[in-house]
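Novice: Mind looking at a prediction? Sequence and model below.
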Amino acid sequence: MIRGVKISKIILWSLLGLLALLALYPVFFLIMGSLMGNDELAEYLGAVIVQKEGFVDVPLLPVYPTLKHFVEIFLDSPEFFVMFWNSIQITFGVLAGQLVVATMAAWGLAKYDFPGKRGCLLIYMILMLLPFQVLMLSEYLVLDKLNLTDSLWGIILPGVFSAFPVFIMYRFFREIPDSLIESARLDGAREWQLFWYIALPLGSSGVIASMVLEFLEYWSLIEQPMTFLKDKSLFPLSVFLPDITSIGRSGMAFAASVVTFIPALLVFLGGQDYLEQGIMAGAVKE
Amino acid sequence: MHKQYRIRNAGHTKINRKRRDFCGLLWILPSFLGVLVFYLLPYADVVRRSFSGAVDNSFAGIENYRTVLGNTAFLLAVKNTLRFTVFCIPALVFTALLCAVILYRSRYGAVIKSAFLMPMALPAVSVALMWRLLFHPQGIVNGWLAGFHINGSDWMNSGSAFGILVGSYIWKNLGYDIVLWMAGLSGISEHIYEAARVDGAGEWQCFWYITLPGLKTSFYTITVLSFLNSFKVFREAYLVAGDYPHESIYMMQHLFNNWFRSFSFDKMAAAAVLESLVLLALILFLERAANRDNVG
């Protein structure tokens, strides 16, 4: 009996370990690929790249690691630089806007009573849950009317007013005890001071959690830029699918892909606790 | 606390309170105006369009809805979306539950959980590059299979594309769901387990009679969130297979994109209204179910 439990435990754990490795594998694979020279890539990936006989081999570790491809994409391909810059503009534009607009709204919803508050919360919740395809046409109509199609503002502005961060931060602000706010009021604090000196410091983990989640979301944004941007020079990195069908370019494809995910990876590693708190906050029910 | 304060000061702070309510409105005003301009008003316009003719903008009744419901591409996309949901949501939710239960009691849980969360951070373009190497006719997977003398197939251009999509959805969302399940697990008091063990309950009984009932509310929210995240698999599908993928993975978003490109706004409007109604009904239904179980 005890033995059986032990064996089944070992099996479960090895399955779990295998799954975890599977989750990590692409990161490893892409980094290794980006460090390989052209000859090595040709040898391993030749089957896909130049229709060589046989199959793609799995590169484990590069024998002659090189940073050549990174140098290439940063020095020799200005279009990559432009896309990187577009990504930065979109992501930080959205985050900065949310930092102002969404924090204020979350604070108002969490700690004030006003007519229509419940309806307001419901609207935000529904908006948060609807997928892009449902809102795609309405977003296009308004952007078209405001002359914002084919401009980064057309991606940034709807992002600033997205309901998701309001909802996440609302969760955290609600945890702040009312007694604290009341006593601050009795001490003569003004409403904006409550926001600045109580909400922001005490709810900071909520603000960070929502920023981490939104960074990951907007850094890999695909549907919106593809729908609303026609001018390729406005494309962010997240819609750039590099060409792997020639030897000279496949190394750059790997490097481009690594450069794309490194910022997201850093945010993920640095903000993992907040990320988890944010995920949970999105699920707690009213 | 808030209430107490109000009663205590009821006499002279009525005006104060009014002013404070007004303050609350001011806090949300910028956000709400934005939501109004960018989401609510245009959505109302979409509803109007869904009842109007494509060319002359005249009232067309339910004509658009009838066209959409008879459209083969629409039906294909609905069928695929439903099939996808039926396969992947139970698979994801239960795999995640299993992992969460094991990880929750373990010392290494936190580390392994991080590994599972990693795919969330990986942009779809990077994943797509990986996919193309894995599932190319001469790709990695077929290479492995050849090692076992099994003939591979052209994964992305056959029915197996659907399986790959399910797999990548689970791969991407497993960590997310594990975090949610673990949060649910931590909501169950340790005392109940101790009491049950004292009464002689085994591991399995504890799981069946304490853990599972205690996770009911989590189950509903996790299902809703997993369902909504399932719409995002379009990203990988699109990047690997483009606008017209194998018909087994032709999803709603593909359809909307193609209609958008051909300016079929009348059909898009009707389909968007239909889809939002279905989603709304589903969300409210699950919400109801969760609340009922909570009370009863």
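Specialist: Perfect, thanks for sending it. Numbers count the residues shown, from 1 in each chain, chains lettered A, B, ... in the order given.
Novice: per-residue confidence for residue 131?
Specialist: Going with chain A. pLDDT, A:Pro131: 90.
Novice: You answered for a different chain; I wanted chain B.
Specialist: B:Trp131 carries a pLDDT value of 82.
Novice: How much space separates it from A:Trp153?
Specialist: 32 Å (Cβ to Cβ, to the nearest Å). C-beta coordinates here come from the backbone N, C-alpha and C atoms, glycine included.
Novice: more neighbours, these two?
Specialist: Using other Cβ atoms under 10 Å in any protein chain shown as the criterion, B:Trp131 and A:Trp153 rank with B:Trp131 on top: 22 against 17.
Novice: contacting residues for that one?
Specialist: Residues in contact with B:Trp131 (Cβ atoms under 8 Å, 6 or more residues apart in numbering or on different chains) are B:Met156, B:Ile164, B:Ser168, B:Glu236, B:Val240.
Novice: The last one is in contact with B:Arg132, isn't it?
Specialist: Yes. Proximity of B:Val240 to B:Arg132 meets the contact threshold set by Cβ atoms under 8 Å, at 6.2 Å.
Novice: still on that earlier bit, filter the contacts of B:Trp131 by proximity to chain A?
Specialist: Of the residues in those, proximity to chain A by Cβ under 8 Å from any Cβ of the partner chain holds for none.
Novice: Give me the subset of those that lies in helices.
Specialist: In helices, defined here by DSSP state H, the members of those are B:Ile164, B:Ser168, B:Glu236, B:Val240.
Novice: Could you give the number of residues near A:Gln89?
Specialist: Using other Cβ under 10 Å: A:Gln89 sits among 16 other residues.
Novice: before we move on, which element is it in?
Specialist: Using DSSP states H and E, A:Gln89 sits within helix A:78-111.
Novice: Just after that helix, pick out the following helix or strand.
Specialist: Next in sequence after helix A:78-111, counting helices and strands by DSSP H and E, comes helix A:117-129.
Novice: in that following helix, what's buried?
Specialist: Using 16 or more other Cβ atoms under 10 Å in any protein chain shown as the test for burial, helix A:117-129 gives A:Lys117, A:Cys120, A:Leu121, A:Ile123, A:Tyr124, A:Met125, A:Ile126, A:Leu127, A:Met128, A:Leu129.
Novice: mind giving me JSON lines with the residues you listed and columns for distance to A:Ala199?
Specialist: Shown next, in JSON lines, are the buried residues of helix A:117-129 (distance: Cβ to Cβ, whole Å):
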{"residue": "A:Lys117", "distance to A:Ala199": "17"}
{"residue": "A:Cys120", "distance to A:Ala199": "18"}
{"residue": "A:Leu121", "distance to A:Ala199": "17"}
{"residue": "A:Ile123", "distance to A:Ala199": "22"}
{"residue": "A:Tyr124", "distance to A:Ala199": "18"}
{"residue": "A:Met125", "distance to A:Ala199": "21"}
{"residue": "A:Ile126", "distance to A:Ala199": "25"}
{"residue": "A:Leu127", "distance to A:Ala199": "23"}
{"residue": "A:Met128", "distance to A:Ala199": "21"}
{"residue": "A:Leu129", "distance to A:Ala199": "25"}
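Novice: which one of those residues sits closest to A:Pro263?
Specialist: Proximity to A:Pro263 was ranked across the buried residues of helix A:117-129 by Cβ to Cβ; first place goes to A:Met128, at 24.5 Å.
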